[in-house]
Each structure stands twice: as structure tokens, then as C-alpha cells.
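Participant: Everything below, folded, please.
(2 chains)
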Protein chains: 2
Amino acid sequence: MRLEVPRGLRDIEPEEFDKIEWLREKFMETLDLFGFKKMEPSTIELLDILEAKSGPSIIDEIYFLRDKAGRELGLRFDLTVGISRYVCSRRDLEYPVKVGAFSSVWRYDEPQRGRYRWFYQWDAEIYGKPCVESDSEIIELAKVYFEKIGLENIQVELNDRKVVEEYIVNVTGVKEEKAVNELLRLLDKTTKKSEEEIFSEYISKGFEKKVIEDVLELAKISEKTENVLYEMEKKGLKKIEDLKKVVEELEIRGIKDFRINLGIVRGIDYYSGIVYEFYDPALPRLAVAGGGRYDKLMQVFGRKDLSATGAAGGIERILMVLEERGKIKINKKRKIFVAFVTSELKKKAQKIVTELRKTGYPAEMDIYARDLRKQLAYASKYSNYAIILAPKEDLENKCIIKNLETGNEEKVEYTKIFEKLGTVID
Amino acid sequence: MRLEVPRGLRDIEPEEFDKIEWLREKFMETLDLFGFKKMEPSTIELLDILEAKSGPSIIDEIYFLRDKAGRELGLRFDLTVGISRYVCSRRDLEYPVKVGAFSSVWRYDEPQRGRYRWFYQWDAEIYGKPCVESDSEIIELAKVYFEKIGLENIQVELNDRKVVEEYIVNVTGVKEEKAVNELLRLLDKTTKKSEEEIFSEYISKGFEKKVIEDVLELAKISEKTENVLYEMEKKGLKKIEDLKKVVEELEIRGIKDFRINLGIVRGIDYYSGIVYEFYDPALPRLAVAGGGRYDKLMQVFGRKDLSATGAAGGIERILMVLEERGKIKINKKRKIFVAFVTSELKKKAQKIVTELRKTGYPAEMDIYARDLRKQLAYASKYSNYAIILAPKEDLENKCIIKNLETGNEEKVEYTKIFEKLGTVID
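Facilitator: The predicted structure is shown next:
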């Protein structure tokens, strides 16, 4: 039998697991700091629900399955859709609903180096009345999270889809919804494609050269914040009020690393207002996270009374940045290895191990009862301290406590092991 | 659109999530105490791998799917199979491999009250040479985990499949492997069905009445440990050595709540030696966890050189017991709500919230800026302390710190908020 995982998938092995676990803990702490509840939406959704994001084409990007009654299902591709379905289906919740998650998602993309079809995401959402304070709250939460994991220089690129749509309608004269959406998608491409490619693609789609130029112009107005707002007012755009307020809110919250970037529209169709992406200087062209206001999804879910805003990020992208910066610090637990020289001392060793664990010290011994040399070879790889039980010392009711990093040894009475450990460890 | 999850599934809502999260943390701590590594095997497996458990019939019990190349896949139904596939595929690991997981599994059962098709399991496994110390280590780990979560009276029901097989062959004379397996399954049914039902089922399967009686007799020898071992020796059974040694090992480890129960065989076909189940007195007929040695799975995975033992348990079952006993204690975080009387004070309130979060205090304010009465109504539900910014006190550079549980209020200078919180909170 071939012991393989399916193509595009993998096991999360111990080394990677510990890193994800650390990112998870820090995210949970952050949710607590901001008063967010935590949940996990269903891993499997009805296909209809998943299509709410961007239509029937989603089936090509997900793991699709049928249950035994023939219902069409899919594995969730993000956490936003499921959490939103949950919040929209519950009319008894008190607003604002602030809720976050850190869980698995699945996407049926072509596998790339370091990207898999199953991965982890963090996610934070606020549902209720539309107000820029919630957009700012989400941005602050993301910034605090990134700081907690050692990414102090995350840059926020901020925009408002309403402003971009107003610009397209007013300046280019394009009004038809489908065409406006195409031009929004054009903006989204400016970070990934050259101008030539974009021109040739959009001319073949039937857009005028002047229209394309106007939209590309927009992506370039990304200098200092005040100037961008000023430029936009000069062009007669009226929908910049929310952006202005978010800028003010972020300043109150002491966030300085942000700028308005009119080229940020976020690919997904359901965004409706403020949008933003987070970048680390170590990875300038790949966002580590993104988010925005997505009232359109609330509407598809039949809740015209609700507004929603939130952000999410993939864990792999964060790990890439952390590795780039050499910043991964896993909290290594202090472990104690209990070794024994003769088999007569094995029982006593086992009792000490049990006692250590009960007291809260991670402890191990050799379940194979190999010779001392092998025991200590194993210990030196995984433990910081060894307690060695040897016949001569045992006669004096003593054992040896050895610091495996410095090599220092000390004879300690059995009854004083815990007292001693308390002073050498911690 | 109907905002539903597929049949048999559900969202893990905040209240349940916090409970699972607490069980997860405690399990991770336990793995650390015992020197186990942590991992998560692939969520999706090739169907071949899943069939290694109990043959092609598994397809009826899992979520089956195909990838876009037509490969047959399934969502994992436990963590043991995936971890075992991983360990068996890697010949570079150092033995013993001690590894654990706490993750989602999926089973396509008929949904029952409180049981879903997606749920969480804890799992701990040891791979390497066969030795009863590893069986004992797993049992001790489970017992320590249960104690950590407040289940101090978990009873271990212990058996050895080898002994039962020897008994069946020697005493009943049935030797053919398929028939022996049928009789093992009979033993497994003794906790679920009446003797009459078992007789009628097995007579119609072609077994003699005497054979059925002999096997049922075995399930009844479950008195005091020494007696069971003595009874078995008297019957001439030679394969009781491992059971004897595990009993000795458990005693060394200070575990008293166990007994030999010859009726425990565990349903799954891949078990090959020591097996055990864990019971809480509050739920006498439902095991909260189970495990055993499963060398047969290693053989199916092409690793005749490896022996494996491990235990796993569903989280829902644990929650049932904890609720039965009223023992669920979620660590409620101390939260601070910052309220403001006039809109002029809103900015200052936001700055204090940001500062509190930076310092590590969970803090919130009303993003909707409602009136003070509404702010405090919200605060009293979710927070322990309120910091209230009011115009009169503000003129003196002071705010009010209110204990929302006792109603006590105190005026505190802005610069002394943190000093004050340090003494009232914690």
C-alpha cells in the first residue's frame, strides 16, 4: 500500500504544528483582549451557502461532495461565510456581534510550493450597525495580533470601494454594474500584472483606452494620506467621509503604519465599503491578511438590516514572513529525564516520573529500559535536566540531578528533589 | 436562501467552543507533561488508507469524495489512522515515537441527539518496540488528563485480546479466524445486548449453544484483579503475562481505579493485544475513551517491524460527563468596559481602551456610542469593571472605576488607572 496523502495535502508535522499552535494561542489572546467571542462554523456547508460568495463558479475552487441523500455540499473555503451564515440565521443575538475563529479551510487550487489545499486561517468579524468604529476595531485587532507575534512593522493599505466606484462612474463615465465590477477587478490586478498586459486584456474586453488610463491613474494616487484625501476631494468625490473617519479613528488608536491606497479593492465581489490589506516589509507584494466591509453578503443571506466587517489571514503567509525574519520563537518546555543505572532502580525511577508529572513538571524515562549511555543520549536531545538513579547514591537515599546544558551535577536526597528543582528550574 | 448547515452537522457556537478550547488546552498540557510531540494528520485521506481500518465497508461510514482527477478520498474518521500512516511512512524517526493530537474527525452516522457527523477527538499514540510500559504510559496519560479536567474517578477496564483469543481457541475449540473474530464481536456486544438476543443471533449464525455459553462465561469473570488472573491461570491460559505486567506497572504509577474485564475487546478489528476502556461512574454504560495495541494496522501499512499502542476519546462524551457532574469551569477572563458620558469624552475613552489592551487587559467600549445607560447595561453583562469618563471628574483629571459586581465606585486620576487596576483586579 502506498502510504501517501492525497495530492495537494500534507500532515502538519510536530515542528510546524508547534508554530501554528503558538500563532493560535496568540490569536485567541488577542480576541480576548478585544472582547470577541470565539466559535467554529461548520466545516461542511451546503453548496448554496458557499455560492453566496461569488456564484456557481465556486465549485471549481472547493472540495465538493454529496451526502448519501444526494445533497450538494462543500468543505468551507474560508471562515467568513460560515460565521456570517450563523449570525444571519440567528435573530436573537445582541449587536454588535464580535466573533472570531482560528480554524482549517480547504481550497482546491493548483498546489504550489508551500501552499496546500488544506490550511489554517485566523478570522475576526463584527456584525451590526454600519459604523467606521468597527472597521477601525478590526484593523486595531489585526495590528495588535501582528505585534504579539513579533511583526511590528505591518503596513495597512486602506481604501473604500464606494469611493472607487464613485470615481469610475464620475470620471470614466462607465455606469453599467458589470462593467464597473470589471474595472474594479482591473484595479485589483495592478499589483500583479504590468500595464501592458492590463491594457491588452481590457481593450480586448471592449473598454476604451482612456477609461483604462483613468482607472490606472487611480491606483497611482497612493502618496501621503492627507494628499490622497485632498486629491480625491479635488476630483469632486463625495463618498470619502468614511475613509476620513477611519483615518481619524486609527490615529486615536495610535496606529501610524497605514496609508490610503486606491488600488486596493480586494478580489472578492462581496465587499461594499472600507477595504484594507496588511503587508510586511519582508514580503512587499504578498498581503499577510486583508479585510473590509461586506454588506452584500448580508443581503444575499436575506439580512438587509445587518452590516458586517471583518478581516482574515492565512497562517502559512504569516509563517513565511516570520521565517524570512527569523522570528519564530516557540516556547520550549522545560523537560526532565529520569535515568536509572540498574534495572532494580527502574521502579523507583518510574515513581519519580509519575510524581514529577503530577506536580506539573514534564518528565520522561526510557520505556525500553536501555543502558544508561543510551538513556542519556536520548535525554540530551529532548530534556534540559536529568535525574539519575545510581546504586551508590541510592544507598545514601540520594540521586544525581544533572543540568544537561552545562553538564553540572549535584547529589540530592530523594526527599529534596522537588525543593531542588524549584530552585534550578523556572 | 435557507441558512442551514447540512444534516447531521452544526456550528460550534461560542459557549460550546470555550468548553472545547478548555479541554484542548488541558490535553496539550498533558501531552507536554508526558513528553509527547503534537501533530495533525491530513484531514483528507486516500480511500485505501481509510480502508486499512476495517475494509471496504468503511465507505458507508465516512464522508466520501473525489478530487478533480477522480481519485477516491474520504474525510478522516479518527486520528489514529492518519498518525499511523505518517509514522509508518517515515523511516527516519527515532523510537519510541510518542505523539498526540486534538482535532476534528468526521463520521457519516445517523445523527442522534447530541451527536454530530463532525466532532473533536483527543488522541495519544506510542510507536516502536512492543512493551507493556508504553501501554501503561498511555493509560497513565489518559488518567492524568481526566484528573486535570476534574474527572477523578475514571475507571479503567483492562483486557488483552490475545488472552481472549487463547481462551476461545482452548476452551470452545473454535479455531477458524473468521469464527474467532465473530466470537470476539460477541463479547463486545455483552454490554449492549441481552443474553437472549445474543443467543438467538449467534445460534442463527451457526454457533453451538455451548460455545456461546463459554464465551459469555468469560465476560462474567470480572471481579477483583487478582482473582481474574488466578481464574485464568487455572484455566491454563498462558498469554496472561502482558496483563500481569501492565497491572504491576499501573500499580507503580499509583493508579488504583482499574480492573481486568474480559468482556472488553474493542469493536475495531485492528487491535492485537492489551485493550482498555475508560468509564466515569456518572455514565456507567458509555466509555469516555478507549484504546489498545494495534499491531495489525502496522502490518497493513507494511511495517511488521513496528508495534503501536494508543488511546483516543471523543470530546462530546467528556462534555456529557462533565455536564452530568456540573464540573465545567471555564476560566472567565476579567474584562474592563470603558464608558463615556458625553461624546467629547469618546476619543479619550478609546485611547484608554487601546492602552488597556496594549497592557494586556481585555477591554471594550461601545462602538455605537449609545447613551450611558445603554453602555452600562451592556457592560454589566460582559465585564467585571467599568471605567466611566464623566465631565465633572474629567475636569479634575479623574475618572470613575466601578466594580460591576459589587457596585463599588472610586474616583481615580487618569495617570493612576493602571496602578489602581493592578490592585483591584487579579
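
Participant: From here on, just use CA atoms for contacts and neighbour counts.
Facilitator: Noted.

Participant: Specify the local secondary structure of the nearest residue to residue A:367 once chain neighbours are set aside.
Facilitator: Closest residue in space to residue A:367, ignoring its immediate chain neighbours: residue B:133 at 5.7 Å, by C-alpha to C-alpha, 6 or more residues apart in numbering or on different chains. Per DSSP: H, G, I helix; E, B strand; the rest coil, the secondary structure class of residue B:133 is helix.

Participant: In this structure residue B:133 contacts residue B:246, no?
Facilitator: Yes: in terms of C-alpha atoms under 8 Å, residue B:133 counts as a neighbour of residue B:246; the distance is 7.3 Å.

Participant: The two: which has the busier surroundings?
Facilitator: residue B:246 (22 against 19; other C-alpha atoms under 10 Å in any protein chain shown).

Participant: surely that one meets residue B:137?
Facilitator: No: contact criterion C-alpha under 8 Å: residue B:246 and residue B:137 do not qualify, at 9.8 Å.

Participant: Quick check: the gap between residue A:237 and chain B.
Facilitator: For residue A:237, the distance to chain B equals 26 Å [C-alpha to the nearest C-alpha, to the nearest Å].

Participant: That residue: how many residues sit nearby?
Facilitator: Residue A:237: 18 surrounding residues under other C-alpha under 10 Å.

Participant: what sits against it?
Facilitator: By C-alpha atoms under 8 Å, 6 or more residues apart in numbering or on different chains, the contact list for residue A:237 reads A:163, A:166, A:167.

Participant: Tell me the confidence at the residue in the stretch 251-400 of chain A that chain B sits nearest to?
Facilitator: In the stretch 251-400 of chain A, no residue comes nearer to chain B than residue A:362, which is 3.6 Å away by C-alpha to the nearest C-alpha. pLDDT, residue A:362: 93.

Participant: Count the neighbours of the closest residue to chain B within the stretch 1-150 of chain A for me.
Facilitator: Scanning the stretch 1-150 of chain A for proximity to chain B using C-alpha to the nearest C-alpha identifies residue A:33 as nearest, at 3.6 Å. Neighbours of residue A:33 under the rule other C-alpha under 10 Å: 26.

Participant: Phi first, then psi, for it.
Facilitator: In terms of degrees, to the nearest 10, the main-chain angles of residue A:33 are phi -60, psi -30.

Participant: Distance check, it against residue A:147.
Facilitator: Residue A:33 sits 13 Å away from residue A:147, going by C-alpha to C-alpha, to the nearest Å.

Participant: just residue A:52 next, same as before
Facilitator: Taking C-alpha to C-alpha, one finds residue A:52 at 34 Å from residue A:147.

Participant: Please identify which of the two sits among more neighbours.
Facilitator: For residue A:52 versus residue A:147, neighbours defined as other C-alpha under 10 Å are more numerous around residue A:52 (20 against 15).

Participant: Now name the helix or strand holding that one.
Facilitator: Residue A:52 is part of helix A:47-54, with elements assigned from DSSP states H and E.

Participant: in that helix, what's buried?
Facilitator: Buried residues in helix A:47-54, defined by neighbour count with 16 or more other C-alpha atoms under 10 Å in any protein chain shown: A:47, A:48, A:49, A:50, A:52, A:53.

Participant: Check those one by one and keep those near chain B.
Facilitator: When contact is defined as C-alpha under 8 Å from any C-alpha of the partner chain, the buried residues of helix A:47-54 meet chain B at A:48, A:49.

Participant: which of the buried residues of helix A:47-54 has the weakest pLDDT?
Facilitator: Among the buried residues of helix A:47-54, residue A:53 has the weakest pLDDT, 80.

Participant: Alongside chain B, which residues does the stretch 51-200 of chain A contribute?
Facilitator: Residues of the stretch 51-200 of chain A lying close to chain B (C-alpha under 8 Å from any C-alpha) are A:63-67, A:73, A:85-86, A:88-89, A:118, A:129, A:131, A:133-134, A:144.

Participant: And those residues, which of them are buried?
Facilitator: For those, buried by 16+ other C-alpha under 10 Å: A:63-65, A:67, A:73, A:85-86, A:88-89, A:118, A:129, A:131, A:133-134, A:144.

Participant: which two in those are spaced the farthest apart?
Facilitator: For these, the maximum inter-member distance is 42.1 Å, found between A:67 and A:133 (C-alpha to C-alpha).

Participant: thinking again about what came up before, so who does the residue of the stretch 1-150 of chain A closest to chain B touch?
Facilitator: Going by C-alpha under 8 Å, 6+ apart, residue A:33 touches B:357, B:360, B:361, B:362, B:363.

Participant: For these, could you give me CSV that also reports secondary structure and distance to chain A?
Facilitator: Listed next are the contacts of residue A:33 as CSV, based on DSSP: H, G, I helix; E, B strand; the rest coil; distance: C-alpha to the nearest C-alpha, whole Å:
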residue, secondary structure, distance to chain A
B:357, helix, 6
B:360, coil, 7
B:361, coil, 6
B:362, coil, 4
B:363, strand, 6
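
Participant: ok so, going back, residues near the residue of the stretch 251-400 of chain A closest to chain B, how many?
Facilitator: Neighbour count of residue A:362, defined by other C-alpha under 10 Å: 24.

Participant: give the contact list for it.
Facilitator: Applying C-alpha under 8 Å, 6+ apart, one finds that residue A:362 lies in contact with A:333, A:334, A:335, A:336, A:356, B:32, B:33, B:34, B:35.

Participant: give me that answer again for 10 Å
Facilitator: With contact set as C-alpha atoms under 10 Å, 6 or more residues apart in numbering or on different chains, residue A:362 has these partners: A:333-337, A:353-354, A:356, A:383, B:29-36.

Participant: How about residues contacting the helix or strand bottoming out on mean pLDDT in chain A?
Facilitator: Counting by mean pLDDT, DSSP states H and E, chain A has its least confident helix or strand at helix A:225-234, which shows a mean of 82. Contact with helix A:225-234 is made by A:158, A:163, A:167, A:218, A:221-223, A:235-241, A:243-244, A:247, A:258-262, as judged by C-alpha under 10 Å, 6+ apart.
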